[in-house]
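# Okay, sequence plus prediction incoming.
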Amino acid sequence: MSAAVWTVILVLIFINALYVAAEFAAVGARRSRIRQLSDEGSWLAKRLLPVVDDTTSLDRYVGISQIGITLSSLVLGAFAQATVAVALAPMLAEWLQLDTELATSSAAIAVLLVLTTAQVVLGELVPKSLALQFPTQVALATVLPMRWSLAVFRPFLAMVNGSATAVLRLFGLGGGSHRHIHSPEEIEMLLVESRDGGLLEPDEQQRLHRALRLGVRTARDLMVPLEKLTMLRDDTPWNEVVRVVAASPFSRLPIYRGTPDTIIGTLRVKDLVHHYVLAGQPPALGQLARPLASVAQDLPADRIIALLRDRRVHQAVVTDAAGRVIGLVTIQDVLAEFLEEDGQ
């Protein structure tokens, strides 16, 4: 076998690797970083930005990668069987004393195993790893070959995408789009990287980190459990009310009827004092109770803030999956979560 045969094989593996790297890098590259490089004058970033900035363009980009991967793999397999396997069969027949048919089959299987291993390692795993570790650099390095491929394979892409959409519709499914989405943990990592890269000041990174944390902390995480609340029964005698209010540091106390899990509202100490000054003795606590909102235990902290703001209240009872009251959450509890220092 000549050096030209091995050169063609290596070139086909490299082409497969290029398409794999381009696909993973384009999906993994951060739009904000590509946009920043484009603003700084990078001509490669200017060509890549329209791709990562639009889901339809990104879908086409990924589709072209898949076509390139498939074609390079098929051509590699056919070429190797027509050259390497043909040259290897007589050698196996001579070395292992095999008949012609068995030697041909054995050569084909051997070439398939070796090429598959090389293709997986050099054409798939290595470029994928590089693209995941250095998505921006790899995406910029592959953007020109991908733009050329877009021009060449565009007719095939329309046919392939149309066929895929038709098959999905047969099963009642819609086509998905490739979008840049991140979990909360990934976003925290991006914030840390931005701080380390000088794009964010440390105090800005901390504020964003705490704001992100509001989206993953729930009402159950922030509430004061029912058994730890300072509460008043709606028929509590006046003297006991004065004693509890005087001993409590809170300006609002929950009022319950019958059992502590039947909260009917909240008492503002200011209302109590106001009625006492005007009337000498306030009415029954139930008449002074202000309404409370109710939130599910799994409601995120950021939505608690929105709900309390919309209802114009400062507190809300927290209920479990069965609708039982299990605690109380206040706007102060949520703000404390946002303002507290990390590590405390």
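Done, it's in.

# tell me the secondary structure for residue 249?
coil (DSSP: H, G, I helix; E, B strand; the rest coil).

# Look at residue 98 and say how many residues are nearby.
16 (other C-beta atoms under 10 Å). Using the backbone N, CA and C atoms, a C-beta is placed for each residue, glycine as well.

# Can you pull out the low-pLDDT segments for the stretch 151-300 of the chain?
161-162, 164-165, 168, 173-200, 204-216, 279-282 (pLDDT under 70).

# what about the strands in it?
For the stretch 151-300 of the chain, the strands defined by DSSP state E, counting those that start in this stretch cover 224-225, 232-233, 252-256, 263-268, 293-296.

# Can I get those strands in TSV including mean neighbour count and distance to residue 310?
Converted to TSV, the strands of the stretch 151-300 of the chain look like this (neighbours: other C-beta atoms under 10 Å; distance: least, C-beta to C-beta, whole Å):
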stretch	mean neighbour count	distance to residue 310
strand 224-225	14	22
strand 232-233	19	27
strand 252-256	21	19
strand 263-268	21	17
strand 293-296	16	9
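
# Can I get the ones you listed in JSON lines including distance to residue 203?
Rendered in JSON lines, the data for the strands of the stretch 151-300 of the chain read as follows (distance: least, C-beta to C-beta, whole Å):
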{"stretch": "strand 224-225", "distance to residue 203": "29"}
{"stretch": "strand 232-233", "distance to residue 203": "42"}
{"stretch": "strand 252-256", "distance to residue 203": "32"}
{"stretch": "strand 263-268", "distance to residue 203": "35"}
{"stretch": "strand 293-296", "distance to residue 203": "31"}
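
# Out of these, flag the one nearest residue 303.
strand 293-296 (8.2 Å; C-beta to C-beta).

# what lines up beside the closest one in the sheet?
strand 315-319 (parallel) (DSSP bridges).

# average pLDDT for the strand it pairs with?
For strand 315-319, the mean pLDDT works out to 89.

# quick one: it to strand 252-256, angle?
40 degrees (axes from the mean of the first three to the mean of the last three C-alpha atoms, to 10 degrees).

# Per-residue confidence, the nearest residue to residue 221 once chain neighbours are set aside, what does it come out as?
Leaving aside its sequence neighbours, residue 221 sits nearest to residue 301 (C-beta to C-beta, 6 or more residues apart in numbering; 7.7 Å). Looking at residue 301, its pLDDT stands at 79.

# Could you tell me how many residues sit around residue 301?
Neighbour number of residue 301 under other C-beta under 10 Å is 22.

# With residue 127 instead?
23.

# wait, it sits on residue 15?
No - Residue 127 lies out of contact with residue 15 (C-beta atoms under 8 Å); the separation is 10.8 Å.

# quick revisit: so the residue nearest to residue 221 versus residue 65, what's the distance?
40 Å (C-beta to C-beta, to the nearest Å).

# Repeat that for residue 264.
62 Å.

# Quick check: can you list the domain ranges of the protein?
3-177, 182-214, 219-339 (automatic domain parsing).

# Next, the residues that contact whichever strand or helix holds residue 101 from outside, please.
Using DSSP states H and E, residue 101 falls within helix 100-118. For helix 100-118, contacts defined as C-beta atoms under 8 Å, 6 or more residues apart in numbering pick out 9, 13, 76-77, 80-81, 84-86, 88-90, 92-93, 96, 98.

# where along the stretch 151-300 of the chain do the helices fall?
184-196, 202-214, 219-222, 238-247, 269-279, 285-288 (DSSP state H, counting those that start in this stretch).

# List the contacts of the spatially closest residue to residue 20 that is not a sequence neighbour.
Counting by C-beta to C-beta, 6+ apart, residue 20 lies nearest to residue 127, which is 4.5 Å off, once chain neighbours are set aside. By C-beta under 8 Å, 6+ apart, the contact set of residue 127 is 17, 18, 20, 21, 24, 138.
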